[in-house]
Every structure is written in C-alpha cells, then in structure tokens.
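Participant: fold the following.
(2 chains)
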Amino acid sequence: DAGVTQSPTHLIKTRGQQVTLRCSPKSGHDTVSWYQQALGQEPQFIFQYYEEEERQRGNFPDRFSGHQFPNYSSELNVNALLLGDSALYLCASSFLRQGAYGYTFGSGTRLTVV
Amino acid sequence: GDSVTQMEGPVTLSEEAFLTINCTYTATGYPSLFWYVQYPGEGLQLLLKATKADDKGSNKGFEATYRKETTSFHLEKGSVQVSDSAVYFCALLYNQGGKLIFGQGTELSVKP
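Facilitator: From the prediction side, this is the model:
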C-alpha cells in the first residue's frame, strides 16, 4: 500500500516564476494538507483540502493556492516566487473524521528559489 | 494564540543514555499532543500521541505523558540508540481535523 507520494522530489526555480507541486494521498484518504518547512525550522501549515474545497488556511499570502481533484490528489501552486519560498513542502493526507490524528506525511518536495 | 516550546538542541548523547526532550504548550481548551520524528531527507513520522490529560503515549521505547497541570508533554526514552538520531518535533492539535502547530524541533545526535 503506497503512502503519500509527492512530486517532484527536488526542483529549482527562478525568482518571479511560478511552481506547481503535486501530492497523491495514501489510498483511502480523503483530505490533504500542505505544510512549508524552511531549513532548520518547524513545519508551518499552509492549507487543507477536502471535497475539492479549501477547509482551512494558515497565515500564507494569496500567492499560495491549491487544488484538490476528484481522486483526492492535490496540487500546491506558488506564484511570483520569492527567495524566502525556498523550503521543503510537505503534504499530509488523512481521513477527515480522523483529522491530524491520522496524518501520513510524504517525503516532501525540496524547492530552491534562486 | 496556541504555541509549542521545545528545549533547544542539538542534544548529543552516548548510546544507551537516558533521553528527555522537554515540550510545553500554550493553548485554549484541551488540545491533543503529538511527537513526530524527522530523519535526514525525509518527511515526518508520527512517534506517539495523547488526546487527553494523563494519557501516556508510547512507541518504540519512547514515552510521553500529557500533563495538563504543567502544560507539558516531555519525551523520554530509557536507552537511546545511534538509529534514534533525528529531529524530534512536539506538536498540538486544537481542533480535530485542523492544523498541527509544531514546536521548533530538537535535533538529537547519538554517538556510539
């Protein structure tokens, strides 16, 4: 049984560009949450998706947007990249009714903005 | 707002030493508490959790007890191994289904 799959594993973008990160949740999970983890820091909650809608959002600007598809997979989009957006982006999936009790994290996408 | 504070690292121990990583929290209501572990180059793995006061979470020799009176959830292990070297994060969840709030993480290095 595959866990949470994120792609790509690494990528490098130039300041001002746009990026899309992808997440396939663990089989059977219906909720996807995204976290940003800067180097040497703790993860910070970006937002959570359920039934293709954003349920909750952390303190991130509108440059950060997402989408969830009918198969529960999700994308994180970041526009107008800044150097400070360089981080490990983690996706976590769960059953909605379990909330974060049942989180399974992916290995993340390492984004470097130059 | 809700927050989590962990003891600063890095923590360096010899193999078979006793481990304590302190974690205290500030929250309204009664949050659930978690310890996650992150090995180099990997995502987060749930180590243990506790959902109410006096609950003890345990896994792989690690333990933590939810102490409401001291708002703490300290992580302990009686005998650490080199393979326990990782970064450990304490976290709280206030609303079921909502976001996890993490402490700053504590890096543990265990020497043979």
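
Participant: quick check: closest non-adjacent residue to B:Thr20.
Facilitator: Leaving aside its chain neighbours, B:Thr20 sits nearest to B:Glu76 (5.3 Å; criterion: Cβ to Cβ, 6 or more residues apart in numbering or on different chains). Glycine gets a C-beta too; all of them are placed from N, C-alpha and C.

Participant: just the element for that neighbour, please.
Facilitator: strand B:75-77 (DSSP states H and E).

Participant: and A:Ala92, by the same measure?
Facilitator: For A:Ala92, the element it lies in under DSSP H and E is strand A:87-94.

Participant: parallel or antiparallel, which strands does the next helix or strand after that strand pair with?
Facilitator: Remark: after strand A:87-94, the chain's next helix or strand is strand A:104-105, criterion DSSP H and E. Sheet pairing here is set by DSSP bridges, and for strand A:104-105 it gives strand A:87-94 (antiparallel).

Participant: what comes into contact with the partner strand?
Facilitator: Here strand A:87-94 makes contact (Cβ atoms under 8 Å, 6 or more residues apart in numbering or on different chains) with A:4, A:6, A:21, A:23, A:25-26, A:29, A:31-39, A:43, A:72, A:74, A:76, A:100-106, A:108-111, B:43-44.

Participant: how about B:Gly105, phi and psi?
Facilitator: Main-chain dihedrals, B:Gly105, degrees, to the nearest 10: phi 90, psi 150.

Participant: would you confirm that it contacts B:Gly9?
Facilitator: Yes. If you go by Cβ atoms under 8 Å, B:Gly105 and B:Gly9 touch, sitting 7.4 Å apart.

Participant: which one's more surrounded, the two?
Facilitator: Between B:Gly105 and B:Gly9, counting by other Cβ atoms under 10 Å in any protein chain shown, B:Gly105 is the more crowded of the two (21 against 15).

Participant: so how far is A:Gln17 from that one?
Facilitator: Per Cβ to Cβ, to the nearest Å, B:Gly105 is found 29 Å from A:Gln17.

Participant: where does the residue nearest to B:Thr20 land on pLDDT?
Facilitator: For B:Glu76, the model assigns a pLDDT of 98.

Participant: equivalent analysis for B:Pro40, please.
Facilitator: So B:Pro40 comes in at 88 (pLDDT).

Participant: so the nearest residue to A:Leu96 once chain neighbours are set aside bridges to which residues?
Facilitator: Closest residue to A:Leu96 apart from its sequence neighbours, by Cβ to Cβ, 6+ apart: A:Thr31 at 4.7 Å. Under DSSP bridges, the beta-bridge partners of A:Thr31 are A:Tyr50, A:Ser94.
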